[in-house]
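Trainee: Sharing a sequence plus its predicted fold:
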Amino acid sequence: MTRNLEAIFFLSIAVVGILGGIFIFPSNIPSGFGDDLITPEFFPFLALFIIVISSLAEALFIIKKKDKTEKRKLWEKGKAKQASIILAIFVFYIFVAIDLLGFYLASLLVLVGVIRFLGEKRWWLSILISIGVIGLVHLLFNMQLGVNFPRGIFF
């Protein structure tokens, strides 16, 4: 992919994000800076904002490069297969594992598995990172925002 096409790709991501924020989510925009700012509707907008800003920054960085005809591979050899496997794992996680095992256990198993699949050799670090991520998600969404997670067989 040439640098010009890559810049157009990132600019199109930013445009789609901006249009989605304007036309798809306008009724969910938090109003003001009071207690209503941090609501469950706020987090999709925060993610959308980060995606748009990152895409614009990457497009500008690519445009400023001197050699615009340099070709780069989109993925290295074997990365498409790895991405497909991870995508399949997360589809299984969303549609099967959460309903069967509950959010916490399914998330722990999937995170440990994905971290190990991506190359981490130490079990204790994989488990520690997974527990930390799940704990942070629990703190933010369950305790602060009152979002209840799906329950499964165990808890």
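Mentor: Arrived safely.
Trainee: Quickly find the element holding the most centrally placed residue in the chain.
Mentor: Nearest to the mean C-alpha position of the chain, counting by CA atoms, centre = their mean, stands A47 at 8.2 Å. Element membership for A47 (DSSP states H and E) is helix 42-64.
Trainee: which secondary structure elements does the next helix or strand after that helix contact?
Mentor: Note on helix 42-64: by DSSP H and E, the next helix or strand toward the C-terminus is helix 79-92. Other helices and strands packing on helix 79-92, by 3 or more CB pairs under 8 Å, 6 or more residues apart in numbering; DSSP states H and E, are helix 103-117. Every residue, glycine included, has its C-beta placed from N, CA and C.
Trainee: By neighbour count, which bits of the helix or strand just after the helix it packs on are buried? Give me those.
Mentor: Sequence order places helix 123-137 as the next helix or strand after helix 103-117, per DSSP H and E. For helix 123-137, the neighbour count (16 or more other CB atoms under 10 Å) marks 126, 130, 134 as buried.
Trainee: Not counting residues beside it along the chain, what's closest to the second one?
Mentor: Ranked by CB to CB, 6 or more residues apart in numbering and with sequence neighbours excluded, the top spatial neighbour of S130 is L111, at 3.8 Å.
Trainee: Done for today, thanks.
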